[in-house]
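Trainee: My questions are about this predicted structure, shown below with the sequence.
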Amino acid sequence: MQVNSSIIWQSFDHPGDTWMPGGWLGFNKITGEYQSITCWENPENPARGPFSESLDPDGSDQYVLLYNGSQVYWSGGLWNGQYFSSVPETARHTMFNFTFIDDRERKYATYTMTDSSVITRFVVESSGLGQQLLWLSNRQEWQPVFTQPLSHCDVPSVCGPFGLCDLESPSLCRCPRELLREAWWRRLWSVFKGALPDSTQVAVKKLEGSRQGEKQFQAEVLTLGAIQHINLLRLRGFCCERSQRLLVYEFMPHGSLDSVLFKKDSDIMLSWNMRYRIVLGIARGLAYLHEKCRECIIHCDIKPDNILLDADFKAKVADFGMAKLIGRDFSRVLTTMRGTIGYLAPEWISGLPISPKVDVYSFGMMLFEIISGQRNSTYFEEGSKFYYPSWAAQKVIEGDEKCLLDSRLGGEADLEEVKRASRVACWCIQDAEMDRPTMGQVVQILEGVLEVNVPRIPRSLQHLMEDQISHMYDDVSSVAEQGASESSQGAYK
C-alpha cells in the first residue's frame, strides 16, 4: 500500500504465520518492536493462535518458538557466522542462503534461495510445529524440508490441559488414569472426571468450540460463580485462557436423573422416598434461584437430564448455560425461545416475555416423569399411544393419583405425598402463568406447610384429551366397520 510513491504498509512487515524469502524476522531497535510470525488459531481460523517464532526476547542471537508469547519450547541455537547451530539445514552450502545482521537499526535474520525458481516458505502451524516447506509442482503439494521441534510431545498443551502426550499412542494423546471421560453433558461439551491435589473428585467440563458454547460458558460463570446452595451444582473453578474454556464442578457419582430414572438396564431403582426427596431438593434449589439471590435467575432448561445426583442421591440443579438474570425491579424478560420441547411453557412458545414461571412449568412436567418413571412424550398402554400429562391430569381430578405411580414401585409409597406431588405437578403446568404457584409455594406444599386444592385440567391438555378420545373413537369405528364388512361377506357365501 502506498501514497504518492511512498510505501506506508507492506505484507513483509506483517508476516502473519509465514516467513517468505526476502522477508525478515527480528528486533527493530528504533521502534522497540519485534517482528515475528504467529500461527493461526486453527487451520480454518486466521485469528492469532498461541504459538509464534521470534528472535529471543532475552537478547541472545537465536530464534525461538514461544507458547503464549513467553514460554520457550524450542530454540534454534546461536548464530555462528554461518548458520544457527541447532538447524544445520540453514547453512549456506545448502539450498538456503540465511543471513543474520546486527546493525544500528535492526537485529534480524533473512534468507533467500540459491535457486530463485524454487518456491518455499517457513510457517508456524496451528499445531505448534515450525516447518520449512518446498513446493513440488509435479505433485502439487508442499514438502517439509525440516520441522522443529522434532517431537510433537515437545509442544506445550498439544494434548490439552489434562491430556498426556504419548508417541506410542495411535492418537498421540491419552488421558491419565485419574481423568476419565464422562457423559453427563452432551452437545457442545466434553466432560472428564478428575481429582484436585487434595484428592477431591471433580468433573471438568470442556467446551468443544462454538459461538453458542461461548455464550453458555459465560452464562454458567455469571450464575454459578455468584451463588451457592446445597441443591445447586457447585462450581469449583473455571479457565478462560485464549481458546480454552473449562468449568470445574463437584463430582456427581450417580450422574443425571434421567439416566437413573428412565434406563431399563439401570442398576439403581429409586424408591418413592428417594424420589420425593429429589423433588423437594429440586424445588428448594429453584426457589433459591428465583427468590433468594440478589438477581432473580431463571434456569430456562429444567428437565431430568439437567438434574445431577450426588453419592447420597441428593439432587443438584445443573447446566446453567441458558440461564437468564432479571433485576428485582423487573418481573420478566424477553428472550429467544430455547430449552427443550416438552418442557416449554406456552407463553415462551408464543414469543412472549418470560418470568420465573417458565421454570415452574418445566418443573411440573418433570414432576410427572419422576412420579411415573417414564417420559412424558409418549406413553404406551395395551397398544395405545397417548400424551401422559393429559391422562395424568384427568386422574388427579378423579382423585385416582395412585395409578400414576411407577409400576416398578409395586404401590409402595406414601399416598398422601403422591397426591400432594401429583396436584402440584398439575398446578405447575397451568396454561396461564398467573395460575401457577411460585417455587417457594411449591416447597411449602411439598413440605406439608400449605394445603393444595384439586387443580383444574389445563385447557391445552383438555384439547389433547379430546383429540385422543376422538382418535380412539375413529379407531373403534374403523374396526367395527371392518368387522361388519367381513360379516356381510360371510353371510353371502
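Mentor: Happy to help now that I have it.

Trainee: Pretty sure residue 364 sits in a strand.
Mentor: No: with DSSP: H, G, I helix; E, B strand; the rest coil as the criterion, residue 364 is located in helix rather than a strand.

Trainee: show me the contacts for it.
Mentor: By C-beta atoms under 8 Å, 6 or more residues apart in numbering, the contact set of residue 364 is 424, 425, 426, 427, 428, 429, 436. Just so you know, the C-beta spots here come from the backbone N, C-alpha and C atoms, and that holds for glycine as well.

Trainee: from those, which ones fall inside helices?
Mentor: Residues of the contacts of residue 364 located in helices (DSSP state H): 424, 425, 426, 427, 428.

Trainee: Identify the spatial nearest neighbour of the second one, chain neighbours not counted.
Mentor: Distances taken as C-beta to C-beta, 6 or more residues apart in numbering put residue 367 closest to residue 425, at 4.0 Å, once the chain neighbours are dropped.

Trainee: Domain map for this structure?
Mentor: The chain is divided into the following domains under automatic domain parsing: 2-149, 176-250, 257-468.

Trainee: on contacts alone, who are the packing partners of the lengthiest strand in the chain?
Mentor: Ordering each strand of the chain by length in residues (DSSP state E) puts strand 45-55 first. Applying 3 or more C-beta pairs under 8 Å, 6 or more residues apart in numbering; DSSP states H and E, we find strand 45-55 packed against strand 24-28, strand 37-42, strand 63-67, strand 106-113, strand 120-124.

Trainee: So which of the contacts of residue 364 wins on neighbours?
Mentor: For the contacts of residue 364, neighbours were counted using other C-beta atoms under 10 Å, and residue 429 has the most, 29 neighbours in all.

Trainee: Help me confirm that it comes into contact with residue 363.
Mentor: No: the pair residue 429 and residue 363 fails to qualify as a contact (C-beta atoms under 8 Å) at a distance of 9.0 Å.

Trainee: what residues are up against residue 41?
Mentor: If a contact means C-beta under 8 Å, 6+ apart, then residue 41 has 47, 48, 49, 126, 243 as its contacts.

Trainee: Return the residues in contact with the first one.
Mentor: Contacts for residue 47 (C-beta under 8 Å, 6+ apart) come out as 40, 41.

Trainee: Next one: it from residue 18, what distance?
Mentor: Applying C-beta to C-beta, to the nearest Å, the value for residue 47 to residue 18 is 15 Å.

Trainee: now swap in the third one and tell me
Mentor: When C-beta to C-beta is the yardstick, residue 49 and residue 18 sit 13 Å from each other.

Trainee: When these two are compared, which one has more neighbours?
Mentor: residue 49 (22 against 14).

Trainee: Once you drop chain neighbours, what's closest to that one?
Mentor: residue 39 (4.0 Å).

Trainee: if we can go back for a sec, I'd like the domains of the chain as CSV, with distance to residue 155 appended.
Mentor: Below are those laid out as CSV (distance: least, C-beta to C-beta, whole Å):
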stretch, distance to residue 155
domain 2-149, 4
domain 176-250, 15
domain 257-468, 31
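
Trainee: among those domains, which is the most enclosed?
Mentor: Burial of the domains of the chain is given as mean neighbour count (mean count of other C-beta atoms under 10 Å); domain 257-468 ranks first at a mean of 18.

Trainee: Run the chain-centre distance for it.
Mentor: 24 Å (C-alpha atoms, centre = their mean, to the nearest Å).

Trainee: Next, the distance between the ends of stretch 373-391.
Mentor: Taking C-alpha to C-alpha, to the nearest Å, the first and last residues of stretch 373-391 lie 15 Å apart.

Trainee: No further questions, thank you.
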